[in-house]
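Enquirer: Build the 3D model from these lines:
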Amino acid sequence: VAPVPPQPARMAPRDSYSYQAAPQAAIIDGPAPSDEKKELVIDGRAYDVTAFMRRHPGGKIITYQVGTDATDAYKQFHVRSTKADKVLKSLPSRPVHKDYHPRREELLKDFARFTKELEDEGIFEPSPRHVVYRLTEVVAMHLAGAALIYYGYLIPGLAMLGIVQGRCGWLMHEGGHYSLTGNISIDRAIQVATYGLGCGMSGAWWRNQHNKHHATPQKLQHDVDLDTLP
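Expert: Residues are numbered from 1 along each chain as shown. Now for the predicted structure:
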């Protein structure tokens, strides 16, 4: 009988936290069984998201944060949302242990200071004029590429369309992050239009995949950008 190959060890959780009482859900890598309570920590409170997970507007990405301190992820993903904090306050919660400190606490504090410096410099302030310029640019490049092909300049025309496809990719990336106008609905519409018309791809699919990447960057079996093999 051939020996059974060793099974890969379960990956350690990305983060964990302490409770005032024993947790009802094990801190495991990946979603817990459906009969267990699912909690995550945000700003020193453990929130019960068991019932909320199915109706989470961002989809199943929330499962990546179960059993972790999700403070930084929550703030980064909902930085422009006006509804997220209201929804969060409506969820059942309880305080974590008084001596609790998140992993990489000093790193997170340093990152927060750096982010504040950039905010003070106005780096994250939306620029409607720049957005109009970029949209005008991609429309003009599409028209120029089509005109070149129409008048017989096939190679230059295809080159122009190839370049503008790349421009659409970067523009839709910023729209997908809601960092163009500061209005989530407008940015999402720009992202869907530029990715759909300019690249022939689905904006919703991209957001679903890219959010997973940012939720657990560089983590095997979680960051979809690392799953490049067939």
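Enquirer: could you pull out the strands for this structure?
Expert: 39-42, 45-48, 93-95 (DSSP state E).
Enquirer: From residue 64, how far off is the spatially most central residue of the chain?
Expert: Centroid check for the chain by CA atoms, centre = their mean gives residue 211 as the closest residue, at 2.6 Å. Residue 211 sits 9 Å away from residue 64, going by CB to CB, to the nearest Å. No exception for glycine: its C-beta is placed from N, CA and C like everyone else's.
Enquirer: likewise residue 145?
Expert: Look at residue 145 and residue 64: by CB to CB, they are 40 Å apart.
Enquirer: Low-confidence bits of this structure, can you list those?
Expert: Flagging of the chain using pLDDT under 70 yields the residue ranges 1-35, 229-230.
Enquirer: now the helices: where do they sit in the chain?
Expert: Secondary structure of the chain (DSSP state H): helices at 71-77, 84-90, 105-120, 128-150, 154-176, 184-199, 203-215.
Enquirer: could I get those as TSV with distance to residue 60?
Expert: Output for those, formatted as TSV (distance: least, CB to CB, whole Å):
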stretch	distance to residue 60
helix 71-77	14
helix 84-90	17
helix 105-120	25
helix 128-150	31
helix 154-176	18
helix 184-199	19
helix 203-215	9
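Enquirer: Around residue 122, count how many other residues there are.
Expert: 8 (other CB atoms under 10 Å).
Enquirer: Quick check: phi and psi at it.
Expert: phi 80, psi 20 (degrees, to the nearest 10).
Enquirer: same check, this time on residue 217
Expert: phi -60, psi 140.
Enquirer: Determine which of the strands of the chain approaches residue 74 most closely.
Expert: Residue 74 lies closest to strand 39-42 among the strands of the chain, at 5.1 Å (CB to CB).
Enquirer: ok, residues contacting that closest one?
Expert: Applying CB atoms under 8 Å, 6 or more residues apart in numbering, the set of residues contacting strand 39-42 from outside is 17, 23-25, 46-50, 62, 65-71, 74, 88, 96, 100, 102.
Enquirer: change it to 6 Å
Expert: 17, 46, 47, 48, 65, 66, 68, 69, 70, 71, 74, 96 (CB atoms under 6 Å, 6 or more residues apart in numbering).
Enquirer: Pick out the most distant pair among the residues you listed.
Expert: For the contacts of strand 39-42, the farthest-apart pair by CB to CB is 48 and 71; their separation is 16.2 Å.
Enquirer: just checking, residue 199 touches residue 168?
Expert: Yes: assessed by CB atoms under 6 Å, residue 199 is found in contact with residue 168 at 5.4 Å.
Enquirer: Pick out whichever of those two has more residues nearby.
Expert: Per other CB under 10 Å, whichever of residue 199 and residue 168 has more neighbours is residue 168, with 24 against 17.
Enquirer: what's the distance between the more buried one and residue 38?
Expert: Distance from residue 168 to residue 38, by CB to CB: 38 Å.
Enquirer: if we can go back for a sec, now for the helices of the chain, which one comes closest to residue 57?
Expert: For those, proximity to residue 57 was assessed by CB to CB; helix 84-90 is nearest, at 8.6 Å.
Enquirer: Could you check how far that closest one is from the centre of its chain?
Expert: The chain centroid and the centroid of helix 84-90 are separated by 19 Å under CA atoms, centre = their mean, to the nearest Å.
Enquirer: next one: stretch 221-230
Expert: Distance of stretch 221-230 from the chain centroid (CA atoms, centre = their mean) equals 15 Å.
Enquirer: No further queries at this time; thank you.
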